[in-house]
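Engineer: Sequence and predicted model, in that order:
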Amino acid sequence: MIKTSRDDPNLYSEDQTEQIRKRKKEGIDIPLKEQVQGKENSTLFEEILYLHNALPEVDYDQIDITTTFLNKKFSAPLIIDSMTGGTDEALLINKRLGQVAEKFGLGMGLGSQRAGLRSDKLVESYSVARRVAPNAFLIANIGGAQLAEGLSKEDVKRIIKMIDANALAIHLNPLQELIQPEGEPRFSGISNKISDIVKEIDIPIIVKEVGSGISPQVAIQLQQVGVKSINVAGSGGTSWAGIEKIRADNVNNYIKSNLGELFWDWGIPTALSIILVSRVVKIPIIASGGIRNGLEIAKSLSLGAHMCAMAYPFLRAAAESDSALEDFTQLVLAQLKGTMFLVGALNLVEMRNTRYILKDKLASILNGYELSRRS
Ligand SMILES: Cc1cc2nc3c(=O)[nH]c(=O)nc-3n(C[C@H](O)[C@H](O)[C@H](O)COP(=O)(O)O)c2cc1C
């Protein structure tokens with residue numbers, strides 16, 4: 001039986017559930033219908049160059065892209081990044097994404113699950129993923145802002161149980177909270193909260209950004225509190241400042257709209273974030289933020305990532321059809337294997353060890369970073 005707010009004061013009223021549905025629907029519709037990718041800023045993957053290997057000594061069919069991450073075998077180093085839940089559209093999208101994760105042996109993150117805690121009606125839009133993907137590595141999701149606000153350990157356990165999750169991702173999204181008209185830009189005490197969750201929860205905790213990147217200093221702090229993996233989700237891909245700016249325009253919120261425009265490209269470009277973070281931590285890094293093809297997956301691995309994740313490209317394909325999603329997944333894996341063939345890498349260890357050249361812009365940014373640390 002579905003409980004309502006009359007049975008339990010922790011649950012949303014009908015009106016609140018409707019508002020959440022509307023917000024979640026906008027969170028899918030805006031990236032699909034409007035241009036909300038990075039504008040001036042890029043991921044900087046274009047700054048990485050491989051030397052072509054004309055003598056690869058590899059047969060394409062022998063190339064092995066399997067890997068192990070957090071003690072689970074994956075058929076490819078790829079995760080469908082955390083996106084959605086909480087609406088009827090999300091139910092269909094999560095069903096399709098779950099099916100593809102299961103079929104191709106990928107990981108999959110769910111969108112922020114707070115809505116599922118407060119309204120039983122919305123649970124199915126998340127739990128559908130586990131129903132269609134009994135064996136896939138599924139990642140539960142909750143916001144750092146909600147943790148800082150005091151989300152209980154029991155609630156976190158319910159979120160995990162909702163999808164029988166293999167790991168829990170805590171997303172850090174200060175930029176989004178700043179621009180969002182109904183945002184909660186309050187993160188005081190967040191490190192201690194993450195530390196508590198790491199101690200209290202018995203599945204691995206991943207901390208992720210949502211498109212502004214992770215700095216080396218933050219990565220060190222996260223490793224220190226016992227986080228098992230970091231998803232850098234850098235800038236150059238989906239811009240949450242951009243999405244929230246459009247939502248702010250829709251409610252005539254001049255200040256938020258202006259902030260959204262100003263900070264549209266704010267963040268650490270993904271390639272830079274991977275390089276800097278991988279220098280300072282030992283825990284595995286997930287590369288995400290503007291990764292759009294298998295060549296960029298290969299580059300992420302060479303830069304120091306263990307896994308890669310993509311959000312927007314999977315959303316676009318999933319919103320189209322089951323077959324568009326399967327075609328896209330197959331294409332990305334072929335692009336990764338194609339890159340490995342052309343550099344002569346037989347497996348992902350060899351791909352990670354493949355030498356690359358940094359072009360001017362990224363080399364000079366890294367140089368500038370070193371100089372500023374010494375001064
Ligand atoms: C429609 C959409 C919804 C998202 N919702 C969430 C979310 O609920 N929780 C989260 O951790 N990240 C969320 N993200 C962020 C992604 O997981 C990812 O970090 C970010 O979009 C960068 O990847 P991309 O450039 O490939 O889209 C969302 C992204 C998109 C496109």
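Structural biologist: Received the coordinates, thanks. No experiment lies behind these values; they were computed from the predicted model shown. Residues are numbered from 1 along each chain as shown.

Engineer: Relative to Gly116, how far out is the residue of the chain found nearest the ligand?
Structural biologist: Per C-beta to the nearest ligand atom, Gly237 is where the chain lies closest to the ligand, at 2.1 Å. In this view, the C-beta of every residue, glycine as well, is placed from N, C-alpha and C. To Gly116, Gly237 is 26 Å away according to C-beta to C-beta, to the nearest Å.

Engineer: Also Lys359?
Structural biologist: Applying C-beta to C-beta, the value for Lys359 to Gly116 is 44 Å.

Engineer: which one of those two has more residues nearby?
Structural biologist: Using other C-beta atoms under 10 Å as the criterion, Lys359 and Gly116 rank with Gly116 on top: 25 against 13.

Engineer: tell me the contacts of that one?
Structural biologist: Gly116 is in contact with 85-86, 122-123, 125-127, 159, 162, counting by C-beta atoms under 8 Å, 6 or more residues apart in numbering.

Engineer: secondary structure element for it?
Structural biologist: In the assignment (DSSP states H and E), Gly116 maps to helix 114-118.

Engineer: What are the buried residues along that helix?
Structural biologist: Applying a neighbour-count criterion of 16 or more other C-beta atoms under 10 Å, one finds 114-118 buried in helix 114-118.

Engineer: What parts of the chain come near the ligand?
Structural biologist: 27-28, 31, 81-84, 111-112, 141, 169, 171, 208, 210-211, 233, 237-238, 288-291, 310-312, 315 (C-beta under 6 Å from any ligand atom).

Engineer: can we see that at 5 Å?
Structural biologist: 31, 81-83, 111-112, 141, 171, 210-211, 233, 237-238, 288-290, 310-312 (C-beta under 5 Å from any ligand atom).

Engineer: Name the helix or strand of this structure that has the lowest mean pLDDT.
Structural biologist: Lowest by mean pLDDT, DSSP states H and E among the helices and strands of the chain is helix 114-118, with a mean of 86.

Engineer: for that helix, the distance to its chain's centre please.
Structural biologist: The chain centroid and the centroid of helix 114-118 are separated by 20 Å under C-alpha atoms, centre = their mean, to the nearest Å.

Engineer: And stretch 211-230, by the same measure?
Structural biologist: With C-alpha atoms, centre = their mean, you get 14 Å for stretch 211-230.

Engineer: residues of that stretch that come out buried?
Structural biologist: 211-216, 218-219, 221-223, 225, 227-230.

Engineer: Out of those, list just those in helices.
Structural biologist: 216, 218-219, 221-223 (DSSP state H).

Engineer: Next SSE downstream of the longest helix seen in the chain?
Structural biologist: Looking across the chain with DSSP H, the single longest helix is helix 322-343. Downstream of helix 322-343, the first helix or strand assigned by DSSP H and E is helix 348-352.

Engineer: Counting by contacts, list what the helix or strand just after that next one packs against.
Structural biologist: Proceeding N to C from helix 348-352, the next assigned helix or strand is strand 356-358, under DSSP H and E. Applying 3 or more C-beta pairs under 8 Å, 6 or more residues apart in numbering; DSSP states H and E, we find strand 356-358 packed against strand 48-50, helix 294-303.

Engineer: and if we set it to 6 Å?
Structural biologist: Under the contact criterion of 3 or more C-beta pairs under 6 Å, 6 or more residues apart in numbering; DSSP states H and E, the helices and strands touching strand 356-358 comprise strand 48-50.

Engineer: Understood, closing this out.
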